[in-house]
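# Return atomic coordinates for the entry below.
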Amino acid sequence: MAILPNCSFAEAPQLDVICVPGGPGINECLTDEVLLDFLRQQSHQAAYVTSVCTGALILAAAGLLKGYRATTHWLSLDLLRQFEDVEVLPDRVVQDRNRITGGGVSAGIDFGLTLAATLFDQATAEAIQLMMEYLPQPPFDSGHPSTAPDAIVEQVKRTAAPYQEQRQKIVADITR
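Predicted structure coming up:
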């Protein structure tokens with residue numbers, strides 16, 4: 001699957017909902033002033049400013065989470081706490097006024113259902129949930145560091161260390 005833009009930031013219409021995704025590739029976005037300025041400008045009239053996973057770090061870098069409660073992927077909660085005036089919660093989804101943030105990938109589904117209920121109604125969100133047969137029954141209880149075996153948590157931290165270390169340096173520079 002490819003998601004390709006059909007206009008530039010300068011040509012983009014006013015967005016009703018901004019949703020910033022996350023993932024390992026966000027590091028360069030944290031200092032991309034063209035992107036950050038676009039988000040700042042769009043946020044003035046957007047009905048909702050949202051993110052999934054580490055997209056919250058991009059919103060924070062743009063100053064769009066100041067004075068809000070927010071969450072992000074568990075590996076980056078401490079990074080989000082480094083931004084001024086952001087109340088960081090370790091929840092799967094956090095909605096604070098017109099800001100909605102979600103944790104990792106599976107929390108992204110919860111985020112999407114929360115957003116659908118907010119934009120439309122609970123019945124619409126429930127119909128979406130049913131259509132996608134979202135009835136979580138994970139085969140393991142390792143979906144969060146609070147439930148995963150310590151060895152697995154350490155393995156994931158080691159695997160993520162290269163981009164987490166780079167991200168830590170970027171966030172430290174931004175938040176000075």
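# Point to the residue nearest the middle of the protein.
Within the chain, the residue whose C-alpha comes closest to the C-alpha centroid is residue 52; the distance, by C-alpha atoms, centre = their mean, is 2.7 Å.
# mind listing what residue 88 touches?
Residues in contact with residue 88, defined by C-beta atoms under 8 Å, 6 or more residues apart in numbering, are 69, 70, 71, 72, 77, 80, 81. All C-beta atoms are positioned from the backbone trio N, CA, C, and that covers glycine.
# what mean pLDDT does the longest helix anywhere in the chain have?
Ranked by residue count and defined by DSSP state H, the top helix of the chain is helix 150-174. For helix 150-174, the per-residue pLDDT values average out at 96.
# what's next to that helix, contact-wise?
Residues external to helix 150-174 that are found in contact with it (C-beta under 8 Å, 6+ apart): 24, 26-27, 30-31, 54, 57, 61, 75-76, 79, 82-83, 142, 145, 148.
# among the residues you listed, which two are most distant?
For these, with distances taken as C-beta to C-beta, the pair at the greatest spread is 31 and 142 (33.2 Å).
# hmm, back to that, filter the contacts of residue 88 down to the buried ones and hand me the PyMOL line.
The PyMOL selection below is limited to those of the contacts of residue 88 classed as buried (16 or more other C-beta atoms under 10 Å):
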select buried, resi 69+70+71+72+77+80
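# Could you list which of the contacts of residue 88 belong to strands?
Secondary structure assignment by DSSP state E places 69, 70 of these in strands.
# could the contacts of residue 88 go into JSON lines alongside pLDDT and distance to residue 165?
Listed next are the contacts of residue 88 as JSON lines, based on pLDDT from 0 to 100; distance: C-beta to C-beta, whole Å:
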{"residue": "69", "pLDDT": "98", "distance to residue 165": "27"}
{"residue": "70", "pLDDT": "98", "distance to residue 165": "23"}
{"residue": "71", "pLDDT": "98", "distance to residue 165": "22"}
{"residue": "72", "pLDDT": "97", "distance to residue 165": "17"}
{"residue": "77", "pLDDT": "97", "distance to residue 165": "16"}
{"residue": "80", "pLDDT": "98", "distance to residue 165": "16"}
{"residue": "81", "pLDDT": "97", "distance to residue 165": "17"}
